[in-house]
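> attaching a predicted model along with its sequence, questions to come.
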Amino acid sequence: MDYLDEEQAKQEIFRKYKYALKGLRVDLGRPDVVEALDQCFEDFESILQRFILWAIYREQEDGKLLEYPSAGLIQAIKEEWKLRDKNAWSDEILSDPRFESPGTKWWKAAEDGLGRDTRNRLIADVVEENTSYVLFRNGLTLRLAVAMDWEWDQIRDYGERETRPQTGSLTQIFS
């Protein structure tokens, strides 16, 4: 495997755990955190899993949120924390609501705000890429950040908007 393949694999791993790290309040924009993550290649996934498990355990034991989660992640990377028991990790850990992506949170909130049937009738998908957006079944899209600010009535109206002209004569269409 060459460097680019390793980098792509590392990015996939990071995407899998990014929202768990954010949910634990790790500041992924801090330069020292970015540097530590960039420098870590060996057992990257195991280190992230071990840190997440440790952070959850500490929070449960202490009964409060971690005081310095970013420093804890940097320490885990520098000391190369690894899972001793591969069975200690389960992807179910990532189903903790605080580890959900913004798109998943919005999708679930849309069920409450619009009702499941209406949401499913109007919204095709929530795409989380560089610029996350909501894809409506009528072909329109809306940036996720905007959708999060809109009222549910606005979302419903936008999703029900007709995007193709009605069939008929041109005078009917343009009048």
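Yep, it's here. Numbers count the residues shown, from 1 in each chain.
> what's the closest non-adjacent residue to the most centrally placed residue in the chain?
The residue lying closest to the centre of the chain (CA atoms, centre = their mean) is residue 101, at 2.5 Å. Nearest residue to residue 101, sequence neighbours excluded (CB to CB, 6 or more residues apart in numbering): residue 19, at 5.0 Å. For every residue, glycine as well, the C-beta is placed using N, CA and C.
> helix or strand for that neighbour, which one?
helix 3-23 (DSSP states H and E).
> pull the residues that contact that helix.
Helix 3-23 is contacted from outside by 1, 28, 37, 41, 44-45, 48-49, 51-52, 73, 93-94, 96, 98-101, using CB atoms under 8 Å, 6 or more residues apart in numbering.
> quick check: mean pLDDT across that helix?
If you average the pLDDT over helix 3-23, you get 87.
> which parts of the helix or strand following that helix are buried?
Next in sequence after helix 3-23, counting helices and strands by DSSP H and E, comes helix 31-39. For helix 31-39, the neighbour count (16 or more other CB atoms under 10 Å) marks 33, 36, 37 as buried.
> now the angle between helix 3-23 and helix 31-39, please.
On the basis of axes from the mean of the first three to the mean of the last three CA atoms, to 10 degrees, helix 31-39 is oriented at 140 degrees to helix 3-23.
> helices or strands next to helix 31-39 in the packing?
Other elements packing on helix 31-39 under the criterion 3 or more CB pairs under 8 Å, 6 or more residues apart in numbering; DSSP states H and E are helix 69-78.
> between helix 31-39 and the helix it packs on, find me the angle.
Taking the same axes, to 10 degrees, one finds helix 69-78 and helix 31-39 inclined to each other by 30 degrees.
> now do helix 69-78, average pLDDT.
For helix 69-78, the per-residue pLDDT averages 96.
> now the helix or strand following that helix - C-alpha only, PDB.
Using DSSP H and E, the next helix or strand after helix 69-78 towards the C-terminus is helix 102-114. Extracted in PDB, the C-alpha atoms of helix 102-114 (Å, rounded to 0.1, in the frame of the first residue of the first chain):
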ATOM      1  CA  PRO A 102     -25.500  16.900  12.500                       C
ATOM      2  CA  GLY A 103     -27.300  15.300   9.500                       C
ATOM      3  CA  THR A 104     -28.500  12.400  11.600                       C
ATOM      4  CA  LYS A 105     -29.600  14.700  14.400                       C
ATOM      5  CA  TRP A 106     -31.500  16.800  11.800                       C
ATOM      6  CA  TRP A 107     -33.100  13.800  10.200                       C
ATOM      7  CA  LYS A 108     -34.400  12.600  13.500                       C
ATOM      8  CA  ALA A 109     -35.600  16.000  14.500                       C
ATOM      9  CA  ALA A 110     -37.400  16.200  11.100                       C
ATOM     10  CA  GLU A 111     -39.400  13.200  12.100                       C
ATOM     11  CA  ASP A 112     -40.600  15.000  15.200                       C
ATOM     12  CA  GLY A 113     -41.100  18.300  13.400                       C
ATOM     13  CA  LEU A 114     -42.800  17.000  10.200                       C
END
